[in-house]
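> Provided below are the primary sequence and the corresponding predicted coordinates.
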Amino acid sequence: MKEIEKKTALIAGASGLVGNELLHYLLEGQEYERVTALVRSTLNMKHPKLEEKVIHFDEMEQQKEIFAVDDVFCCLGTTIKKAKTKEAMYKVDVEYPVQMAKLANDKGAKRFLLVSSMNANPHSSIFYPKIKGKLEEKISEIPFESISIMRPSLLLGERDEFRFGEQAGEFFYSLFSFLFIGPLRKYKAIQGRTVALAMYKIAQMNKRGIDIYSSEKIEQISMK
Ligand SMILES: NC(=O)c1ccc[n+]([C@@H]2O[C@H](COP(=O)([O-])OP(=O)(O)OC[C@H]3O[C@@H](n4cnc5c(N)ncnc54)[C@H](OP(=O)(O)O)[C@@H]3O)[C@@H](O)[C@H]2O)c1
């Protein structure tokens, strides 16, 4: 029997909540023979399929060969608290992903899978949904065979750092999760691991064109 050809993947944000879960799915699944993790400091992890590339993200252009893969997964992101300025946040949330996407597309990558956010809207008057909307717009202009955009609601999961807003949100959802039914289901908080699993599964579906996934849809795909 003919052996199925294995793919290669690149992941950015592999030290984060969604990215780290996704990295494990990519490494443990049968579909990928090599998984390159683009990081700014080492993950301190060993796996026969893992190729870690520690870089300064401002210098991506100088490492074009890294981007010659089949599937690209972008889980990058920061908070205004960490980034300190809107410009610095825009760089991480928009400029780096777009630059990665362009480099990967130039190198022949077929699929780009992105974590954006619920309510992403380039015309929003609120900074966070606005930059996520701009990000989606810019990525959608790049001619990949397939672009998959996750729009999760509040992400749940273990973090090393304390994020007051998210922890307060998590507490709220734990009390009132029964309210998030019917059309409100897309607002229900979602586990980072669930988003990661859906991304992994979507990448194997050989999709074409641009698809956007709400939290509700992400949950459904993760359970299939
Ligand atoms: N948190 C939520 O409730 C929520 C809701 C909806 C959507 N989202 C979006 O979902 C995505 C994933 O979220 P998450 O919670 O998994 O993110 P996260 O845990 O904060 O991880 C972010 C990743 O981005 C990397 N990163 C940050 N600044 C960087 C920089 N200057 N250079 C290179 N890498 C950098 C981090 O690397 P280091 O470890 O090196 O910092 C980390 O790997 C983000 O785009 C976020 O905006 C989040």
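Cool, got the structure.

> the strands in the protein, which residues?
Assigned by DSSP state E, the strands in the chain fall at 7-12, 32-39, 50-54, 71-74, 111-115, 146-151, 155-156, 190-191, 209-214.

> Reformat those as CSV; add mean pLDDT and distance to residue 87.
C-betas here are computed from N, CA, C, even on glycine. As requested, those are exported to CSV (pLDDT from 0 to 100; distance: least, Cβ to Cβ, whole Å):
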stretch, mean pLDDT, distance to residue 87
strand 7-12, 98, 20
strand 32-39, 98, 22
strand 50-54, 98, 24
strand 71-74, 98, 20
strand 111-115, 98, 21
strand 146-151, 98, 24
strand 155-156, 94, 24
strand 190-191, 96, 29
strand 209-214, 98, 27
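
> Let's have those in TSV, adding distance to residue 89 and mean neighbour count.
Below are those laid out as TSV (distance: least, Cβ to Cβ, whole Å; neighbours: other Cβ atoms under 10 Å):
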stretch	distance to residue 89	mean neighbour count
strand 7-12	16	24
strand 32-39	19	21
strand 50-54	22	14
strand 71-74	16	28
strand 111-115	15	26
strand 146-151	18	22
strand 155-156	17	22
strand 190-191	22	22
strand 209-214	22	16
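
> Now those strands in JSON lines, please, with extra columns for distance to residue 126.
Listed next are the strands of the chain as JSON lines, based on distance: least, Cβ to Cβ, whole Å:
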{"stretch": "strand 7-12", "distance to residue 126": "25"}
{"stretch": "strand 32-39", "distance to residue 126": "29"}
{"stretch": "strand 50-54", "distance to residue 126": "34"}
{"stretch": "strand 71-74", "distance to residue 126": "22"}
{"stretch": "strand 111-115", "distance to residue 126": "18"}
{"stretch": "strand 146-151", "distance to residue 126": "15"}
{"stretch": "strand 155-156", "distance to residue 126": "18"}
{"stretch": "strand 190-191", "distance to residue 126": "20"}
{"stretch": "strand 209-214", "distance to residue 126": "19"}
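
> Serialize those to CSV and add fields for distance to the ligand.
Formatted as CSV, the strands of the chain follow (distance: least, Cβ to the nearest ligand atom, whole Å):
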stretch, distance to the ligand
strand 7-12, 7
strand 32-39, 6
strand 50-54, 10
strand 71-74, 8
strand 111-115, 4
strand 146-151, 8
strand 155-156, 4
strand 190-191, 8
strand 209-214, 11
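
> Could you pick out the residues of this structure near the ligand for me?
13, 15-19, 40-41, 57, 75-78, 92-93, 115, 117, 152, 154-155, 166, 192 (Cβ under 6 Å from any ligand atom).

> What residues are bridge-paired with residue 114?
According to DSSP bridges, the residues that bridge with residue 114 are residue 74, residue 149.

> Report the contact partners of it.
74, 97, 135-136, 139, 147-150 (Cβ atoms under 8 Å, 6 or more residues apart in numbering).

> And for residue 212?
Residue 212 touches 136, 149, 151, counting by Cβ under 8 Å, 6+ apart.

> Over to residue 104?
10, 67, 69, 72, 112.

> Can you show me the helices along this protein?
17-28, 80-83, 86-90, 96-106, 127-140, 164-176, 192-203, 215-223 (DSSP state H).
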